[in-house]
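make a model of this:
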Amino acid sequence: MTGVSNDSQNSGHVEGSPQPVDMTSTAPVFHPRCGQLVTLSQASRTASRTHATQEFNHGLVLSAAPLHDNQMVEVRIDKKINSWSGSIEMGVTQCDPNLLEVPFPSSATELREGTWIMSGNSILKDGRSINENYGTDLDKLEEGDKVGVLRTGVGDLLFFVNGVSQGVAATNLPSVVFAVIDMYGKCAQVTLMDNSVQEARIHSNDLSNTATAAAAATTHLNNITSNNSHNNITNTNIQAATAAANAAVAAATQSGIAIASASGLIAQGVGGNQPNFNNNKIRFHERHGSLIKLLNNNRTAERKRPFDEFNNGVVMTHRPIRDNELFEIRLDRLVDKWSGSIEVGLTTHNPGQLEFPATMTNLRNGTTMMSGCGILTNGKGTRREYGQFNLDELAEGDRIGMIRKANGNLHYFINGLDQGVAASRLPAQVWGVVDLYGMTVKVTIVDRDERDEQNLITRRALALRPNHEMIDLLQTSDRLLFHVACGSHAAVINTGLTAHRPNAADDFNFGVVLTSRPLKPNEVFEVRLDKMVTKWAGSIEIGVTTHAPSDLEFPSTMTNVRSGTWMMTGNGVMHNGTTTIDAYGQNLDKLKVGDRVAVVRKESGVLHFFVNSEDQGPAATNVPERIYGVIDLYGQAAQATIIDLSDFRSPDGLESNATSATLYSHLEASTDLRFHHLHGRNARISNAGITASRPNALSEFNDAIVMSNRPLKDGELFEIQIERMVERWSGSIEAG
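Below is the predicted model:
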């Protein structure tokens, strides 16, 4: 199969089939291109951050159209969680969402090219603070609170909190700006408000006030005229003094620039224009390893052909690092194909003169590098165990920093945590160096962000904490889950129930995922399609294989496997990579978000596939008994979740016919009530449908409704036992 690119890229996800966005609508909507973890719903007026308890960023959304003068864009905070630091951020940007590179920046404060953001109670322009004490602290807002932004007709920027203006935040804004909302940290969901009535009132007031002002000006014209002669003389004097002062400042500035240019501190742009960068701000040098490409004003480095090459990815800072200056980078993208990962350090070699090596640890002089959990000096190990972290185990989003202290000591910082002295007596002039080796594909130089540091520490603590939910699932039931070993572009999340392709907008294959154990006879392996991208051709494929996930060398697509494998792909069936049925059933390439696909091996060895509970008929015979379920998140299919059928579901408005009744016939001898497999998003069903739980009980208090799997009979008692409670919330169980 071949992935075919399409111009309509979408880095986030819109529920249901794609709908055209009405760019001229009075009420604003979110643009369909959005952050990696964003899901849009309610006709693109509600945005939520998926996996909000596991990730704190990648929640960026922009308005579908530029703001009109005096148009307020206002959102309501629908959902907050307690896991992280920071919360909603809002503002405006000149960045057109149609043209932004995907994946989108992880947060709004990374947007440049004319971006004004309110974060906490500060105003930032292009990531730098311009007002540190502006208005109400957005981090302290609660669910139900509203935040708005407005650009006036004269170019002033105003923010509103619960309808109350916070005053002018910035002036002289460009005429074309988009609203931007960042569901950061605690903020997990927002909904756009319709302020068209309010805006009409404001516009009416503006017209009325303009007329009033004109009338007042006419009334007082005679009084003003009598003072004009005196005022004109005064203003002429002020104008002359101002012009003289401006000329003096300009002359001094040009003199300073000329001196700096002559000394080599700055370079003139083409035609004498100012340079494109802030020369003092660290960026990567234009000379680098042969496979590196630089982006984002040379603040981002990416290694080309990451699945074909693992080295030649060395980049260095464009100038030496100053004493006590933090040089910090963020891991933006990793791949699972190689051994080893990022290496960072300092070197005395000038990047303008260096012949770049394949990997920086090949240099035999003037270079100190952190590799894995050790320190190498001139290519030889000098400290085997340094600090609390192994660079090979860091995740996307983690930060690595280094400082050369004035006393010559080198310190590394991981997510803001000082790892102590790594080396001493370093020379005074050293350049920062990053080796995008092995698994590391992309990094960005970042400014220090204490909120991000705290959230990264929280994320790591959550990752290191024993997963009691997973352990309980494995110990108390034989629940069907995805195996953690999977294709290099896939990842298993949600305690093994969900598989996704995190960078689905960048890649279309290597998304094969298998079940954690073999399927039992007559056991249903069913998944729901959670997320799709419109960029590629093809979609989800499902089937069974005799290969165990711990033994399989994962292919780019499962139909490449030439033994022990049966797959439904499109509307056909393939066995060991060869088509056995051309026109078998419904076309999987036409499925939408929310659709379900399933596979069952009957005791007789006959294989059946199901689409939205509808049996597609026998697909193969004589299938071996020991087989694993397998899905291939190919092309448009970006995320799928296993549907737990251990609740003995009964006809409930889903497709139900004689075939599906036969499918579940081995369960119908039981008359015990169970919980239904459809339930609130924060609920989990286990123990063969008998037990319901709210796994994230300390961070979520609602969305945990569960129902019986069938209607109650006359006189039948529906009784439950409360097994666990937490003290954090008000209220408790409700039943009916």
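
need the nearest residue in space to Met532, chain neighbours excluded.
Closest residue to Met532 apart from its sequence neighbours, by CB to CB, 6 or more residues apart in numbering: Gln636 at 4.7 Å. Where you see a C-beta, it was placed from the backbone N, CA and C, and this is true even at glycine.

tell me the contacts of the one you found?
With contact taken as CB atoms under 8 Å, 6 or more residues apart in numbering, Gln636 is in contact with Met532, Val533, Thr534, Lys535, Trp536, Ala537, Gly538, Ser539, Asp589.

how deep is the second one tucked in, by neighbour count?
Val533 is flanked by 23 other residues according to other CB atoms under 10 Å.

quick one on the thing from earlier: whichever of the contacts of Gln636 end up buried, select them in PyMOL.
Buried subset of those, written as a PyMOL selection, criterion 16 or more other CB atoms under 10 Å:
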select buried, resi 532+533+535+536+538+539+589
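
find me the pLDDT at the residue nearest to Met532, would you?
Looking at Gln636, its pLDDT is 93.

what's the straight distance from one end of stretch 560-573 to the other?
13 Å (CA to CA, to the nearest Å).

what's the mean pLDDT across it?
92.

tell me which residues of that stretch come out buried.
Val561, Gly564, Thr565, Trp566, Met567, Met568, Thr569, Gly570, Asn571, Gly572, Val573.

what's the farthest-apart pair in those residues?
Farthest apart among the buried residues of stretch 560-573 by CB to CB are Gly564 and Asn571. That separation is 22.9 Å.

need the helices for the stretch 351-500 of the chain, in chain order.
All helices of the stretch 351-500 of the chain, identified by DSSP state H, counting those that start in this stretch, fall at 450-464, 468-476.

cool, the chain as well?
196-219, 221-262, 450-464, 468-476, 658-663 (DSSP state H).

how close does Asp582 sit to Val544?
20 Å (CB to CB, to the nearest Å).

of those two, who's got more company?
A count of neighbours by other CB under 10 Å puts Val544 above the other of Asp582 and Val544, at 26 against 9.

right, and that one touches Glu625 too?
No: at 10.8 Å, Val544 does not count as touching Glu625 under the criterion of CB atoms under 8 Å.

which neighbours do those two share?
Counting by CB under 8 Å, 6+ apart, the contacts common to Val544 and Glu625 are Arg601.

ok so, going back, what's the least confident stretch among the helices of the chain?
Across the helices of the chain, helix 658-663 gives the lowest mean pLDDT, at a mean of 27.

what is the neighbour count of Val726?
Neighbours of Val726 (other CB under 10 Å): 10.

nearest residue to it other than its sequence neighbours?
Ala697 (4.9 Å).

what's the pLDDT at the one you found?
pLDDT, Ala697: 75.

Leu607 contacts Ala620, doesn't it?
Yes: counting by CB under 8 Å, Leu607 touches Ala620, with 4.3 Å between them.

residues bridging contact with these two, i.e. touching both?
Contacts common to Leu607 and Ala620, judged by CB under 8 Å, 6+ apart, are Trp566.

mind listing the residues bridging to Glu89?
Ser119, Asp182 (DSSP bridges).

and Thr171, what does it touch?
Thr171 neighbours (CB under 8 Å, 6+ apart): Gly155, Asp156, Leu157.

and the last one, how far from Val168?
Yep, that's Leu157 we're talking about. To Val168, Leu157 is 7 Å away according to CB to CB.

please identify which of these two sits among more neighbours.
The residue with more neighbours, out of Leu157 and Val168, is Leu157; 21 against 13, by other CB under 10 Å.

once you drop chain neighbours, what's closest to the more buried one?
Ala170 (4.3 Å).

per-residue confidence for the one you found?
For Ala170, the predicted pLDDT is 92.

check Glu396 too.
88.

who's in contact with it?
Leu331, Asp332, Arg333, Leu334, Pro502.

do that again at 6 Å, thanks
Contacts for Glu396 (CB atoms under 6 Å, 6 or more residues apart in numbering) come out as Leu331, Leu334.

that one and Ala491, how far apart?
Taken as CB to CB, the span from Glu396 to Ala491 is 10 Å.

one more: Leu552?
For Leu552, the distance to Ala491 - CB to CB - is 16 Å.

do Leu426 as well
For Leu426 relative to Ala491 (CB to CB), the value is 38 Å.

how close does the nearest residue to Asp449 once chain neighbours are set aside get to Glu89?
Excluding the flanking residues, the one nearest Asp449 by CB to CB, 6+ apart is Thr109, at 7.5 Å. Going from Thr109 to Glu89 by CB to CB gives 7 Å.

where along the stretch 451-600 of the chain do the strands fall?
482-486, 491-493, 498-500, 512-518, 524-532, 541-545, 565-569, 572-575, 578-581, 596-601 (DSSP state E, counting those that start in this stretch).

got a markdown table for those, with distance to Ile414 too?
As requested, the strands of the stretch 451-600 of the chain are exported to a markdown table (distance: least, CB to CB, whole Å):
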| stretch | distance to Ile414 |
| --- | --- |
| strand 482-486 | 24 |
| strand 491-493 | 22 |
| strand 498-500 | 26 |
| strand 512-518 | 30 |
| strand 524-532 | 31 |
| strand 541-545 | 39 |
| strand 565-569 | 42 |
| strand 572-575 | 46 |
| strand 578-581 | 50 |
| strand 596-601 | 42 |
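
what's the closest of those strands to Asp447?
Closest among those, using CB to CB: strand 491-493, at 28.4 Å.

any idea of the mean pLDDT in that closest one?
pLDDT averaged over strand 491-493 gives 90.

begin at 36 from here
Noted, 36 is the first residue going forward, which turns the last one into strand 526-528.

so how far is it from its chain's centroid?
15 Å (CA atoms, centre = their mean, to the nearest Å).

pull the contacting residues for the residue nearest to Asp484.
Thr144 touches Ile152, Leu159, Gly162, counting by CB under 6 Å, 6+ apart.
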